[in-house]
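*Asks:* Return atomic coordinates for the entry below.
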Amino acid sequence: MQTIYNFSAGPAALPKEVLKQAQAEMLDWNNQGTSVMEVSHRGKPFLAIAQKAERDFRELLNIPENYKVLFLQGGGRGQFFSVPMNLAQRGDLSQHLVSGQWSQIAVSEAEKYMKAEIVAKTQTRDDKLWVPTQDNWEIDPSAAYFHYCPNETVDGIEINWVPKSESVPIVADMSSNILSKPIDVNDFGIIYAGAQKNIGPSGLAMVIIREDLVGLARPDTPAVFDYQQQVNNDSMYNTPPTFSWYLAGLVFEWLLAQGGVESIAKINEEKARLLYECIDSSDFYSNKVAHENRSKMNVCFQLADNSLDDTFLAYTQEQGLQALKGHRFVGGMRASIYNAMPLEGVKTLVECMKTFERKYG
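*Replies:* Below you'll find the model as predicted:
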């Protein structure tokens, strides 16, 4: 049977070992005689896996004790409005670094609730997309928070440094690079992430929030999106997405078995290196992002002759390489190589790219 490698940007591939375990437990989870989707979220069996999932997540990211971890609904977009509702009053200022589509949407959402200001945006420098570093702009100390997205999936842009402020909470949308490399959680006031890239299936959102930022919500914040309410109820103010929570826990166990975030980061570095080397060594393929801002999770590339795009996609599909079509806003190709993508998948893609170039270049 042909090996299939799924390069989808999200919902993305899950580790095969996780899927096999979920399959084996589908009809009889934890000797309950039912699936995990059919048991009470407040019963002891589910509470045990929920608590373990949080412990494992904390271990993977070395999350300090003065940070709360929430398992919520609404995905990343749900946090676009939850953050301003929980951190600011109407008329307050939020500041934003816009590096792509998702950080721009966060601005548009924040504008509904407060004054949202863009301090810097991705620029074109030497015909490459580049994110201005903090020596080019400043964070206003009166801002309620500063928001940015460390990895933008559409153009394949990554920010490999953390904005700094002595007094303003840094809020990061890590939907597409969380758990892909070590981070210092202390650098952030809030980290949030939609699950469907590196954590589990869509429908779940992870929030890591410093304790002093809990309890600041506006009075008109819907209770289900009020961080204080969710903290008080251990992320179970309402019925949580139990199956997504369960699968996230299996992914955390899988990551720990791989050696943790430090080990998976080395594999991610190697995957990205192989793919970018293939692109850079060729006149047939190109990448439009400055080297210092190239994403290790979403590698975007273009063919010199875009009339061959459909032919390339058909060829790679025949080879078992799925979902390589670029985002509809930018075209070209996009290989999303999150944690679950094995090194062998990237090696196979590189060989297919070289073969295709020899035939059509």
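
*Asks:* Please save the CA atoms from stretch 300-308 in CSV.
*Replies:* The C-alpha trace of stretch 300-308 is given here as CSV (Å, rounded to 0.1, in the frame of the first residue of the first chain):
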residue,chain,number,x,y,z
CYS,A,300,5.9,28.1,0.6
PHE,A,301,7.5,27.9,-2.9
GLN,A,302,6.7,28.8,-6.4
LEU,A,303,7.5,27.2,-9.8
ALA,A,304,9.4,29.4,-12.3
ASP,A,305,6.6,28.5,-14.8
ASN,A,306,3.3,28.7,-12.9
SER,A,307,1.5,27.1,-15.9
LEU,A,308,3.1,23.9,-14.5
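
*Asks:* Show residues contacting that stretch.
*Replies:* Contact with stretch 300-308 is made by 155-156, 279, 283-289, 309, 312, 326, 330-335, 360, as judged by Cβ atoms under 8 Å, 6 or more residues apart in numbering. Any C-beta I mention is one placed from the backbone N, CA and C, and that applies to glycine too.

*Asks:* give me the number of residues near Lys181?
*Replies:* 18 (other Cβ atoms under 10 Å).

*Asks:* That one - that's part of a helix, no?
*Replies:* No. Looking at Lys181 with DSSP: H, G, I helix; E, B strand; the rest coil, it is coil, so not inside a helix.

*Asks:* hang on, it packs against Ser263?
*Replies:* No. Applying Cβ atoms under 8 Å, one finds Lys181 not in contact with Ser263, separated by 10.7 Å.

*Asks:* Looking at the contacts of stretch 300-308, which are in strands?
*Replies:* 285-286, 333-335 (DSSP state E).

*Asks:* Pick the one among those closest to Ile191.
*Replies:* Proximity of the ones in strands among the contacts of stretch 300-308 to Ile191 (Cβ to Cβ) peaks at Arg334, which lies at 24.1 Å.

*Asks:* list the contacts for the closest residue to the closest one other than its chain neighbours?
*Replies:* Using Cβ to Cβ, 6 or more residues apart in numbering and skipping the chain neighbours, the partner closest in space to Arg334 is Gly326 (4.5 Å). Contact analysis of Gly326 by Cβ under 8 Å, 6+ apart lists 300, 302, 332-334.

*Asks:* Could you do Pro163 as well?
*Replies:* Here Pro163 is in contact with 97, 134, 139, 146, 148, 170 (Cβ under 8 Å, 6+ apart).

*Asks:* cutoff 10 Å now
*Replies:* By Cβ atoms under 10 Å, 6 or more residues apart in numbering, the residues touching Pro163 are 95, 97, 119-120, 133-134, 137, 139, 146-148, 150, 170-172, 187-188.

*Asks:* Are any of those buried, and if so which?
*Replies:* 95, 97, 119-120, 139, 146-148, 150, 170-172, 188 (16 or more other Cβ atoms under 10 Å).

*Asks:* hang on, the earlier thing: write the PyMOL selection for whichever of the ones in strands among the contacts of stretch 300-308 are buried.
*Replies:* This is the PyMOL syntax for the buried subset of the ones in strands among the contacts of stretch 300-308, where burial follows 16+ other Cβ under 10 Å:
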select buried, resi 285+333+334+335
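
*Asks:* where's Ser103, which helix or strand?
*Replies:* For Ser103, the element it lies in under DSSP states H and E is helix 101-110.

*Asks:* For that helix, give the mean pLDDT please.
*Replies:* For helix 101-110, mean pLDDT is 97.

*Asks:* next helix or strand past that helix?
*Replies:* Next along from helix 101-110, by DSSP H and E: strand 115-121.

*Asks:* tell me what that following strand is packed against?
*Replies:* strand 93-98, helix 101-110, strand 145-148 (3 or more Cβ pairs under 10 Å, 6 or more residues apart in numbering; DSSP states H and E).

*Asks:* Please identify the most buried of those.
*Replies:* Highest mean neighbour count among the helices and strands packed on strand 115-121 (mean count of other Cβ atoms under 10 Å): strand 145-148, with a mean of 24.

*Asks:* partner strands of that strand, parallel or antiparallel?
*Replies:* Strand 145-148 sits in its sheet next to strand 93-98 (parallel), strand 170-173 (parallel), going by DSSP bridges.

*Asks:* Phe188 touches Ile170, doesn't it?
*Replies:* Yes. Between Phe188 and Ile170 there is a contact under Cβ atoms under 10 Å: 5.0 Å.

*Asks:* can you give me the offset of stretch 204-213 from its chain's centre?
*Replies:* Relative to its chain's centre, stretch 204-213 lies at 15 Å (Cα atoms, centre = their mean, to the nearest Å).

*Asks:* Can you give me the buried ones in that stretch?
*Replies:* 204-210, 213.

*Asks:* just stretch 52-69 next, same as before
*Replies:* 53-54, 56-58, 60-61, 63, 67-69.

*Asks:* Check stretch 34-41 too.
*Replies:* 35-36, 39, 41.

*Asks:* okay but Gln32 is in contact with Val39, surely?
*Replies:* Yes. With contact defined as Cβ under 10 Å, Gln32 reaches Val39; the gap is 6.0 Å.

*Asks:* list the residues that contact both of those two?
*Replies:* In contact with both Gln32 and Val39: 45-46, using Cβ under 10 Å, 6+ apart.

*Asks:* Next, the contact list for Leu256, please.
*Replies:* With Cβ under 10 Å, 6+ apart, Leu256 has these contacts: 56, 59-60, 263.
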